[in-house]
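Visitor: Let me see the structure of the following:
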Amino acid sequence: MNQNYILACSIIAVMLLFGCSSFNTEEAVPSYINIKNYSLSSNGNQGSIHHNFQDAWMYVNGDYAGAYQIPFNIPVLSTGNSTIRITPGIRVNGSQTEARIYPFIKAYETNQLLAPGLSTLINPIYEYESEGLYGIIPGSTPVDLVVARLNPKTEWTKVYFDFTELTNSSGATSYQPVIQLQYDKEKPEIDQVVQIDNLKIIYR
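Guide: Residues are numbered from 1 along each chain as shown. Predicted coordinates for the structure are as follows:
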């Protein structure tokens, strides 16, 4: 028999076997985790419970599943009884592009039975870390370290400032935060008002 014919038949047979094997392989059906909202509990000595946690950083069975902006409904390959760990995320120093985990909140952990093709609703209930020290600041004195500058807005906005790098590199032994307001002479309004509420400093 012609050797070229035998080789061609062998190649066709291998291709058919590979094709059948690929066709019979079942694709994994993901389950879904749905987070629509969150809440924050307080012991009464930690100031306001109002926050702006825009993101949720999530781990499923110890594996990082991603950070997503709330609300979301995302697929995960884990099924069955699963441990889900969720940590709130913020945008720091007034920037919408700088996302970080908020370090003063305990991660919310829950066990859920995940089913393929079905969505599991989770609304985390966060708590402050017990070792955090909370200072509600009634007044302040100007200092020479600038963290960030904010543009005017007409609606209430919650902003998080991270002083860690600044304070560590300064070598100072004490700090006094200050908010400086600048009058914009280019604007037609004579009276320019800045409203500040729920000012809180957390350190550890």
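
Visitor: Could you list the residues in contact with the lengthiest strand in the chain?
Guide: Secondary structure of the chain per DSSP state E: the longest strand is strand 80-91. By C-beta atoms under 8 Å, 6 or more residues apart in numbering, the list of residues contacting strand 80-91 from outside reads 33, 35, 38, 51-62, 67, 97-102, 105, 107-114, 122, 124, 126, 160. C-betas here are computed from N, CA, C, even on glycine.

Visitor: Filter those down to just the ones in strands.
Guide: Those of the contacts of strand 80-91 mapping onto strands are 33, 35, 55-60, 67, 99-101, 108-114, 126, per DSSP E.

Visitor: Buried subset of those residues as a ChimeraX selection?
Guide: To isolate in ChimeraX the members of the ones in strands among the contacts of strand 80-91 that are buried, counting by 16 or more other C-beta atoms under 10 Å, one can use:
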select :33,35,55,56,57,58,59,60,67,108,112,114,126
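
Visitor: what ranges do the helices span in the chain?
Guide: Counting by DSSP state H, the chain has helices at residues 3-24, 164-170.

Visitor: Flag whichever of these has the least confidence on average.
Guide: Among the helices of the chain, helix 3-24 has the lowest mean pLDDT, at a mean of 48.

Visitor: For residue 149, report the pLDDT, please.
Guide: Per-residue pLDDT puts residue 149 at 62.

Visitor: for residue 39, same thing?
Guide: pLDDT, residue 39: 92.

Visitor: Check the gap between the residue lying closest to residue 97 once chain neighbours are set aside and residue 67 for me.
Guide: Nearest residue to residue 97 in three dimensions, chain neighbours excluded: residue 91, at 7.6 Å (C-beta to C-beta, 6 or more residues apart in numbering). Residue 91 is 12 Å from residue 67, where distance means C-beta to C-beta, to the nearest Å.

Visitor: tell me, what's touching those two both at once?
Guide: Both residue 91 and residue 67 are in contact with residue 99, where contact means C-beta under 8 Å, 6+ apart.

Visitor: so where is this protein shaky, pLDDT-wise?
Guide: Applying pLDDT under 70 to the chain flags residues 1-26, 44-45, 47, 131-150, 166-178, 180, 183, 189, 204.

Visitor: wait, doesn't residue 194 sit right on residue 181?
Guide: Yes: using C-beta atoms under 8 Å, residue 194 is in contact with residue 181, at 5.3 Å.

Visitor: count of neighbours near the closest residue to residue 127 other than its chain neighbours?
Guide: Spatial nearest neighbour of residue 127, chain neighbours left out: residue 106 (5.0 Å); criterion: C-beta to C-beta, 6+ apart. Applying other C-beta atoms under 10 Å, we find 13 residues neighbouring residue 106.
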